[in-house]
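Novice: sequence first, predicted model second:
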Amino acid sequence: MTEPKESTASKLTGDTPSAISVIELIGSQAIEWLNRHWTPAHRTKAIPIDAIRYGILQLPIHGVASSKSESVGESVVVCSTAEDRYELHCHGGQAASNAILSCLRDEGIAVKSAIESIFETQADRIVAEATLELLKAKTLRTARILMDQKRGALSLAMAQIDRAIERDDPTEALRIAQELRSWNHVGKHLTSPFDVLLCGPPNVGKSSLLNRILGYRRSIVHDQAGTTRDLLVEETSIEGWPVRLQDSAGIRISGDISDITEKLGVQRAMEASASADLQLILVDPLEGWTEAHQNLLDCKPSQSMLVLTKADLQMAGLSSLPACPCISVSAQTGDGIDVLLKAIARGLVPVEPSESQAVLFTQRQRIALDRQFLG
Ligand SMILES: Nc1nc2c(ncn2[C@@H]2O[C@H](COP(=O)(O)OP(=O)(O)OP(=O)(O)O)[C@@H](O)[C@H]2O)c(=O)[nH]1
Ligand SMILES: [Mg+2]
């Protein structure tokens, strides 16, 4: 005889104050507990699957109440989402959810964190991982891709690889794996941002452009060269992709630099250039293309974009620029900023995964796939 599975409860919503908290109750004890404590506004106590019922939950003030006067009533909406599975929607303050959870705990229902509960109740590990990552998604665009994985796109692709290996068809298995890997540059950034660096010589307008993209004055702007000394980092989203935008110290050829703070700032900027997913090399048309620009481009030729700044000053166009995507902007008027944002998005993700496209989205999944093809 198999042991009956323990009944569990977990709070699905976070701990910050909100209008509503949601507690999930799973297992055979759930309905027994509801019948003891919950009085529906309807005459019937039945809660069919997918139905939504309003009622009052009578909770003990301290421990188990022996009379109604030692208990408090909480308005709760109960939904049954599957057999022996219920959601309780109560008031959002800590008091209501804590009272419900401690009553459940006192009456033998195991209270678990939402994460523990997701992994215990979801047989498909990838779907459980997608549920977790979805909680961290900051944009609709990335949430849409994770939602596809939660609905089974990646699990299906992994099952197809397993079946191909079983029927001794390594070519097909490898084809599916290569297709999956071709989306890794997107999958790695569904919850952690792309690094986009603004770099170039002093005074080209890096800080002004950062402020214009963010929409507020995050960085100090001044006509004195060498205003920004340290790396300044701010998270935002560009065309629905999460981005860590970095403003850097103006880069000059190190032989010209005597100030130690400036030297360290330039060093940081060069390190950031090496690790950036995309660098925007800013060029002031009045100053033109310099050796410092060339050094930055040489560091990352395929992940660089040139940005001609101060377009409002209407200086003569530059003729001797390297062959590289180039956009003209004015941080002062905003001209060209929309075009630049679209170009950044295209530079980071040239093609977006189509609907239901399988995408590996955790390090564990990428390693697991690689291991399948070792040996
Ligand atoms: N007319 C005009 N001036 C601009 C524009 N962008 C920046 N500037 C001016 O250029 C000067 C330098 O701007 P910053 O944004 O501080 O330049 P930076 O590249 O961050 O400079 P450092 O931090 O010193 O390396 C300031 O006087 C800005 O007002 C622009 O689009 N149009
Ligand atoms: Mg600056």
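Specialist: Right, received. Where do you want to start? Ligands and ions are numbered 1, 2, ... in the order given.
Novice: elements contacting the longest strand seen in the chain?
Specialist: Criterion DSSP state E: the longest strand present in the chain is strand 71-82. Using 3 or more CB pairs under 8 Å, 6 or more residues apart in numbering; DSSP states H and E, the elements in contact with strand 71-82 are strand 38-40, strand 52-60, strand 85-91, helix 94-106. Heads up, the C-betas are built off the backbone N, CA and C, glycines and all.
Novice: show me what residue of the stretch 1-150 of the chain gets nearest to ligand 2.
Specialist: Here the stretch 1-150 of the chain gets closest to ligand 2 at one residue, Lys138, 26.2 Å apart by CB to the ion.
Novice: contacts only, for that residue.
Specialist: Taking CB atoms under 8 Å, 6 or more residues apart in numbering, we find Lys138 in contact with Thr191, Ser237, Pro242.
Novice: what is the nearest of those to ligand 2?
Specialist: Closest to ligand 2, out of all of the contacts of Lys138 and judged by CB to the ion, is Ser237, at 22.4 Å.
Novice: which element, helix or strand, includes the closest one?
Specialist: strand 232-238 (DSSP states H and E).
Novice: for that strand, which residues meet the burial criterion?
Specialist: Of the residues in strand 232-238, those buried by neighbour count under the rule 16 or more other CB atoms under 10 Å are Leu232, Val233, Glu234, Thr236, Ser237, Ile238.
Novice: contacting residues for the last one?
Specialist: Same thing as Ile238. If you count contacts by CB under 8 Å, 6+ apart, Ile238 has them with Val196, Ile213, Leu341, Ile344, Ala345, Leu348.
Novice: redo those as TSV? Include secondary structure.
Specialist: Shown next, in TSV, are the contacts of Ile238 (DSSP: H, G, I helix; E, B strand; the rest coil):
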residue	secondary structure
Val196	strand
Ile213	helix
Leu341	helix
Ile344	helix
Ala345	helix
Leu348	helix
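Novice: and of the residues you listed, the nearest to ligand 2?
Specialist: Ile213 (13.6 Å).
Novice: can you pull the residues of the stretch 101-250 of the chain lying near ligand 2?
Specialist: Lys206, Ser207, Thr227, Thr228 (CB under 5 Å from the ion).
Novice: burial measure for Ser182, as a count.
Specialist: For Ser182, the count of nearby residues is 12 (other CB atoms under 10 Å).
Novice: and whichever helix in the chain runs longest, anywhere near ligand 1?
Specialist: When every helix of the chain is counted residue by residue (DSSP state H), the longest turns out to be helix 260-275. No. In terms of CB under 6 Å from any ligand atom, no part of helix 260-275 sits within range of ligand 1; the closest distance is 8.8 Å.
Novice: pLDDT below threshold where in the stretch 201-350 of the chain?
Specialist: 254-257, 315-317, 319 (pLDDT under 70).
Novice: helices along that one, start to end?
Specialist: 206-214, 260-275, 291-299, 337-348 (DSSP state H, counting those that start in this stretch).
Novice: pick the most buried one from those helices.
Specialist: helix 206-214 (a mean of 23; mean count of other CB atoms under 10 Å).
Novice: Ser273 contacts Val196, doesn't it?
Specialist: No. At 11.3 Å, Ser273 and Val196 do not qualify as touching, with contact defined as CB atoms under 8 Å.
Novice: any residues in contact with both of those two?
Specialist: Taking CB under 8 Å, 6+ apart as the criterion, Ser273 and Val196 both touch Gln279.
Novice: relative to Thr290, how far out is the residue of the stretch 1-150 of the chain found nearest ligand 1?
Specialist: Ranked by CB to the nearest ligand atom, the top residue of the stretch 1-150 of the chain for proximity to ligand 1 is Lys138, at 26.6 Å. According to CB to CB, to the nearest Å, Lys138 stands 37 Å off from Thr290.
Novice: now swap in Arg85 and tell me
Specialist: Taken as CB to CB, the span from Arg85 to Thr290 is 65 Å.
Novice: can you list phi and psi of Leu360 for me?
Specialist: phi -70, psi 130 (degrees, to the nearest 10).
Novice: just give me the neighbour total for Leu360.
Specialist: Counted by other CB under 10 Å, the residues lying close to Leu360 total 24.
Novice: my read: it touches Asp370, true?
Specialist: No. Using CB under 8 Å, Leu360 and Asp370 do not qualify as a contacting pair, with a distance of 10.1 Å.
Novice: show me what contacts Thr191?
Specialist: Shown in contact with Thr191 (CB under 8 Å, 6+ apart): Glu133, Lys136, Ala137, Lys138, Thr142, Leu146, Pro242, Phe361.
Novice: ok so, going back, nearest to Val127 among the residues of the stretch 101-250 of the chain next to ligand 2?
Specialist: Lys206 (43.0 Å; CB to CB).
Novice: now the closest one: how far from ligand 1?
Specialist: Using CB to the nearest ligand atom, to the nearest Å, Lys206 is found at 4 Å from ligand 1.
Novice: what's the answer for Pro285, then?
Specialist: From Pro285 to ligand 1 the distance is 11 Å (CB to the nearest ligand atom).
Novice: I'd say that residue and Leu308 touch.
Specialist: Yes. Pro285 lies in contact with Leu308 (CB under 8 Å); the separation is 5.6 Å.
Novice: what residues are shared contacts of the two?
Specialist: Leu318.
Novice: could I get the residues of the stretch 101-250 of the chain next to ligand 2 in CSV, plus columns for distance to Gly55?
Specialist: Formatted as CSV, these follow (distance: CB to CB, whole Å):
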residue, distance to Gly55
Lys206, 59
Ser207, 57
Thr227, 62
Thr228, 59
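Novice: quick check: the farthest pair among those?
Specialist: Greatest spacing in these, by CB to CB: Lys206 and Thr227 (9.4 Å).
Novice: contact residues of the stretch 251-375 of the chain facing ligand 1?
Specialist: Checking the stretch 251-375 of the chain against ligand 1 by CB under 6 Å from any ligand atom, the hits are Thr309, Lys310, Asp312, Leu313, Ser330, Ala331, Gln332.
Novice: good, wrapping up.
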